[in-house]
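Visitor: Dropping a prediction and its sequence here:
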2 protein chains.
Amino acid sequence: MQLHQYARLSPDRANQQAELSSIGFPVHADSLAALIRASFAACEPQARTTNAQDDALATRAVDDHTSLLQFVQAKPGAMTREQFYTVALQYLGFEAGIDFQFGSACAYMTKTTLPMVVADINSQDEFCAAFYLLLNTRSKNLVTFIDALAERGYFQNQLGAFKIFNGKVLPTFDTRKIIRECVWIESDLDTDGDGKRDMLEASIFRPAETETGLKVPALFTANPYFHGTNDVTAVTHEPEPDLAVKPAQTQPAATATAPVDLPQREVQATATEASVYADEQGIYSLNDYFLARGFATVYSAGVGTKNSDGLRSTGGPDETASAVAIIEWLGGRRRAFTTRSGHTAIEAWWCNGSVAMTGKSYLGTLAIAAATSGTPALKTIISESAISSWYDYYREGGLVVAPGGFQGEDADVLAVDTYSRLKNAGENAQAGAAWQQRLKDLERLQDRKYGDYTAFWDARNYRKLLAGVKCGIVSVHGLNDWNVKPRNVIKLHEALAHYPVQHKLYLHQGQHVYLNNVRSLDFTDQMNLWLTNKLLGIDNDAAGQLPDVTIQDNVQAETWVTQADFGTGAGIEKSSRPLGSGTASFTDQAKAAFTKAGDNSNGFEYKIIQPDSIYADSRLVLDFGALPADLIMEGTAHLQLKLSIDQPSAIVSARLVDLGAAKRFKPNATIVGPKAYPQGCDWQYDNILEFQPTEKVSAAKLMTFAHRNTQNPVSDAVSVAPAHGEELTLEMDFQPTRYHLPAGRHLALILHGADMAQTIRPDVQTHFTINLAGSTLTLPIRKQ
Amino acid sequence: MQLHQYARLSPDRANQQAELSSIGFPVHADSLAALIRASFAACEPQARTTNAQDDALATRAVDDHTSLLQFVQAKPGAMTREQFYTVALQYLGFEAGIDFQFGSACAYMTKTTLPMVVADINSQDEFCAAFYLLLNTRSKNLVTFIDALAERGYFQNQLGAFKIFNGKVLPTFDTRKIIRECVWIESDLDTDGDGKRDMLEASIFRPAETETGLKVPALFTANPYFHGTNDVTAVTHEPEPDLAVKPAQTQPAATATAPVDLPQREVQATATEASVYADEQGIYSLNDYFLARGFATVYSAGVGTKNSDGLRSTGGPDETASAVAIIEWLGGRRRAFTTRSGHTAIEAWWCNGSVAMTGKSYLGTLAIAAATSGTPALKTIISESAISSWYDYYREGGLVVAPGGFQGEDADVLAVDTYSRLKNAGENAQAGAAWQQRLKDLERLQDRKYGDYTAFWDARNYRKLLAGVKCGIVSVHGLNDWNVKPRNVIKLHEALAHYPVQHKLYLHQGQHVYLNNVRSLDFTDQMNLWLTNKLLGIDNDAAGQLPDVTIQDNVQAETWVTQADFGTGAGIEKSSRPLGSGTASFTDQAKAAFTKAGDNSNGFEYKIIQPDSIYADSRLVLDFGALPADLIMEGTAHLQLKLSIDQPSAIVSARLVDLGAAKRFKPNATIVGPKAYPQGCDWQYDNILEFQPTEKVSAAKLMTFAHRNTQNPVSDAVSVAPAHGEELTLEMDFQPTRYHLPAGRHLALILHGADMAQTIRPDVQTHFTINLAGSTLTLPIRKQ
């Protein structure tokens, strides 16, 4: 077990003792023994009398024959490191005789990357230093020891005010008293064209202490799925059997739509109390963690969802405005009402005006979108597995390319899926016609025929709007996320470098998942340090403390590297090579093989890279041989591909593949602690996860891939005339990644035509001739 | 979807209206329209103002073009059944256009087995009747509509007192205010021989209202796993490679142990407030459901577990006494202290003196054990998947036979696993020697060598003690539970018939699982009716209302049958047949095939019944041919087997198998509603499950099996001399079951030797000669 920790501060001893005192721990007693007893007795918050504390200390061991109670009763003048860490490990949740052996506590601490003081403890000051460090050491259940104590009730007598310890805000709020309420925010939108401003529902969870004057920050999650989805109604497209031949053309950029000038609703009364209880549950353990720490959490499903007005647009400017409207209300710059149809206004009077956004996937996407508005109350976003440009979600290289796992999905399908107003049977008659028209528009404008980067997609590219960003951004992404592909986060990272915006980047080995409950990294503690700074204004040097780029290794489990940047700088060298000599050719018969085998998308993705494959005839495998030493590819690999085809146009797919029998990580993180990760005292629990290698060897793993339409050889927005047998030159950027290939493995490039899992599925069997000598593969390599 | 319901009472209209009034629903208004509006407005508890209620009513539809708000605003003089149930289905959680279509609401109600009034609604009285019925109708999320309303906050202004509706207690307690505490109960045991009474920790969760005088019942779960298990330390036995040849002998019965005469601890003070907070979580959603309904829940891991004194014995009389001690304290007949070592006594002053036990597996086992004490405070037990005799868990027919899935486990292994005192490193030095001696005794007395029913097992057979039972018993068991096998529950059921004890029996198609969250049966509502009667003393005819025996069909999904008894009575006929003519023989080479294939227990269980099998040489398959009509076997099948062997002793296994390609139920229930089953308002949520058929066909399924040692031909307690080639006659009872074999399927009997999954694994290759003509298979068949 490796428990990496980046969010621990190291104040001097005087400040350590002041912090200990501030949360009720003793720093001086009549003797060292008395201080030890009192300190550890405080670590038994379930025990409310001296006798109960003594019973508890009797259950802890200093060594294999002495309990902690016996130890302190013998009034020792010193405590050895081994004794201290034998006790410490038990408090951190490790079992003597199982996790560690008596006599080897310090060795186990080292092995588990847990911090220790350097010497035996001979004075009360030295004990305080060791004890302070222990409170800030990570436990077996992901959280630090002070948070583990909080879960067990340590702060039950200190509830209701923000408390900062080691730069991070503590769980000192009683989540059992959370106030839950809904309000309706008046937007500047009229997406359903009824002449009235779209009203947007928001669900609020806030600490009871706000009722008595406490002002708190808000974590806002714009979650289109909050009220459920229309999974039955939202039918995916059947991947088309023909690749359209398109005319040569250059797509225009998006034009801004003028704001609608609409009357505001009349205010007939004001209220400080809401009229509607919020009966949906919170959805994200990171939010729940901060709810226990006094932050309000706010959810809004947004325009066109259940209990709100308007229509969906799948990432369009109105969805950005919908999310921004909630922040503006939280920041005191927009009106809300106590009901959807009523005239009683209500302010976010309990909010301190500081808002952060959180969320994964579509939710994190809307956080990026909202950040581009520069709305002043938004102080930071924590955006996970997010889309930064919707073209990079539903299109690629002039092609329709589906998100991995969701073949046939498109902007219109997602719009239907999230239009949860359908669930309110009583109001469907009203918005029905406008919605049908919106759907027709979406289907037309998304253009599944040509797949170019049109004005429709340009209006959904948040990377064009980064000049507006005023807040720091935290990005988290899985390097195996083929749903929202890594290009979304890396292109965002590269673009942000041009602006004075703090950007912290976390890349893990997962697919489309959260990072906050992965055991080997203290991600949540880091976010605590970050938000304590951004939302509570505590000067804790969060920006300096947190690494700029944190990446999980794909070979060694529980291993994270930190660095100043990603895929660029002096540490990276570009390595180019021709693909071979002469030419090679193949005929894409994947559709026929796919149909004959009754295969599915998952099956295709797996088989197209295996040494033996039913798709072997439809691909060209270029194996660059066994690696003499470890190689770390980091950044965006590029293929300049010279080829000719016997059709007017074709889909070209390229995959970089790791070949060789090895135990690679499982695709999904393993649950190593079911419901073991506490968000606070007597509150929610999440699973604890870790990425672990498989027990059996696999033969191959996808590193990264790229797709391109031969009619868009260079630009997604520029199509060229159809081919007539001449040699074409395609410029193909692979999805950015960081991939560690150990010595002995083979790096291979696989070229093929249509991708049954993600592109459309043409029937035509296209013959490809590759000019190997004229084609160049360029890899970004981290120097070692 | 089939939502069966047995717990709904049908009071007359006057009582219905009185009940409606008692929980705040209107029963009369100025007009029918006004009553409809007011009634459904009350079904929007999230809405706290008239305007908010109107907004909510506008989201419900009466038909495809009229909202409920528009409907009531038009002041109708009547409401058709179709209109009423269109609205009703939406409130029950079904989606118009998805689950049901406009115009077909009544048809959908019928299809889903939901109850309806018989006519259109023309008066306020008729509306009240329909509305009362609706409140007691099951929703999409398993609970009744009134409980679904409670989850949404309906009772937020009526909290803190027991409320009964339709004979069942309502969730009117604020679980956010639950008081959690530990006490230590002084037992009459001194299992660790330290001369002091073993103190037993109990964790209590009770409603805050107990602090102001409310007396509440307690649900007690004796849970040896409550503080965790020693999974690393508890090493299972390697299945032995030799079957011991044993002498002819008859085992003695158990003798009672005299109670120890120990001094009681001195009481120096008394308290009403506990000294220790209970920081473990509750473990069972049925308990949590009743916690929201004002019942206290109590957990005790028992003697020899973490924070208690003493040693484990795996179901011995001291573990019974340990569970009974907690009930005696709850009933005011035993002392407890605020700490494990202290002298401050504390009473269960908040308890109304009525206790029920709940729990599955070992937990349900201890409920049966405690029931045999007849302790007066114990009013009923709900015992699921429980052991009624430990011989039927670890032994069978004079053989060591492991629980399915736990090959090599035995009484000593489970004792180590549950001896969670090991987790308290500081106290291991104290109890270590006594524990090592206890382990040696367990290993010797359990006798893995001969496997007979000895005094050790006799002391763990609760079915011998049923004369002591004073309370009603609810038993739940999976007919596919090969861990705790069905013999445990059916022999208990049969034995209880001899005593004046109420016994309600539920048999489902699961393995070793709870029933309370399976969607197609209202099990929880039934238990509510039962406990409202037993613990709150409400005269609701629970015993008459609940079926005596409820069995899930294994062919039709979501189908349950109810009957007066199981496997006996006029509806059952015994059908006997010889196994064939002449003889047949085989040689048991299973161990060699198992070893060669590197197979495991799961693999063996699957393969031994497949038409093609690596174990084909080691078995005799007697296929009785295709069934001309459906056959339902219900009860205990019996095999009188005449055979000879070429060894002094042998293991004989017999399996009844359902052969034929079919889509049978999946082994595990499917999650049809993740965290969708609410236990109360803003409280815990459990998954909703349903047993569903597989998508692919399977070739065979185990119906039931039996094992016997040839040296125990008739009795587990009586071994006979080793064989010398002569013909032996074995009397083999199969595990009782209820199995529906559709017409066309084949019933087969498979005979084989050692069972790699459950018996020991002898190396010797025994040759079996079966006298087919002389052997008789007797099946209990339910007449149709």
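Guide: Thanks, I have it.
Visitor: Phi and psi next, for A:D318.
Guide: A:D318 adopts backbone torsions of phi -70, psi -30, taken as degrees, to the nearest 10.
Visitor: Check the gap between it and A:A258 for me.
Guide: Computed as C-beta to C-beta, to the nearest Å, the A:D318 to A:A258 distance reads 13 Å. Using the backbone N, CA and C atoms, a C-beta is placed for each residue, glycine as well.
Visitor: part of a strand, is A:F94?
Guide: No. Using DSSP: H, G, I helix; E, B strand; the rest coil, the assignment for A:F94 is coil, not a strand.
Visitor: That one: how many residues sit nearby?
Guide: Residues lying near A:F94 (other C-beta atoms under 10 Å in any protein chain shown) number 21.
Visitor: what does A:F456 give?
Guide: For A:F456, using other C-beta under 10 Å, the count is 22.
Visitor: A:H65 too?
Guide: Neighbourhood size, A:H65 [other C-beta under 10 Å]: 12.
Visitor: Spatially nearest residue to it, not counting backbone neighbours?
Guide: B:A429 (5.0 Å; C-beta to C-beta, 6 or more residues apart in numbering or on different chains).
Visitor: now do A:W530
Guide: Distances taken as C-beta to C-beta, 6+ apart place A:A542 nearest to A:W530, at 4.7 Å, with adjacent residues excluded.
Visitor: For the one you found, give me the pLDDT.
Guide: pLDDT recorded at A:A542 is 98.
Visitor: so how far is A:L466 from it?
Guide: Per C-beta to C-beta, A:A542 is found 22 Å from A:L466.
Visitor: Which of those two has more residues huddled nearby?
Guide: It is A:A542, of A:A542 and A:L466, that has more neighbours when counted by other C-beta under 10 Å, with 25 against 19.
Visitor: So is stretch A:228-239 next to chain B?
Guide: Yes. On the criterion C-beta under 8 Å from any C-beta of the partner chain, stretch A:228-239 is in touch with chain B at A:230, A:232-233.
Visitor: Show me which residues of the stretch 551-700 of chain A are close to chain B?
Guide: So the stretch 551-700 of chain A meets chain B at A:682, A:685 (C-beta under 8 Å from any C-beta).
Visitor: ok, back up a step: measure the residue nearest to A:W530 to chain B for me?
Guide: With distances taken as C-beta to the nearest C-beta, to the nearest Å, A:A542 is found 32 Å from chain B.
Visitor: hang on, isn't that residue packed against A:M527?
Guide: No. At 9.4 Å, A:A542 does not count as touching A:M527 under the criterion of C-beta atoms under 8 Å.
Visitor: who are the neighbours in contact with A:L9?
Guide: A:136, A:166-167, A:529, A:540-541, A:545 (C-beta atoms under 8 Å, 6 or more residues apart in numbering or on different chains).
Visitor: So what touches stretch A:22-41?
Guide: By C-beta under 8 Å, 6+ apart, stretch A:22-41 touches A:17, A:20-21, A:42, A:47, A:50, A:53, A:56-57, A:60, A:68, A:71-72, A:74-79, A:87, A:91, A:121-124, A:127-128, A:131, A:135, A:146, A:155, A:157-158, A:163, A:165, A:170.
Visitor: Quote the end-to-end distance of it.
Guide: One end of stretch A:22-41 to the other measures 17 Å (C-alpha to C-alpha, to the nearest Å).
Visitor: any idea of the mean pLDDT in that stretch?
Guide: 98.
Visitor: and stretch A:114-131, how far apart are its ends?
Guide: End residues of stretch A:114-131 are separated by 14 Å (C-alpha to C-alpha).
Visitor: show me what contacts the residue of the stretch 101-250 of chain A found nearest chain B?
Guide: The stretch 101-250 of chain A approaches chain B most closely through A:R176 (3.7 Å), counting by C-beta to the nearest C-beta. With contacts taken as C-beta under 8 Å, 6+ apart, A:R176 has the following neighbours: A:682, B:176-177.
Visitor: for the residues you listed, which one is nearest B:S389?
Guide: A:D682 (39.5 Å; C-beta to C-beta).
Visitor: burial count for the closest one?
Guide: Neighbour count for A:D682, taken as other C-beta under 10 Å: 19.
Visitor: Chain neighbours aside, what residue packs nearest to it?
Guide: Residue nearest to A:D682 in three dimensions, not counting chain neighbours: A:R176, with 6.9 Å by C-beta to C-beta, 6+ apart.
Visitor: what do you get for A:Q264?
Guide: A:Q264 sits nearest to A:E186 (C-beta to C-beta, 6+ apart), 6.6 Å away.
Visitor: Thanks a lot, see you next time.
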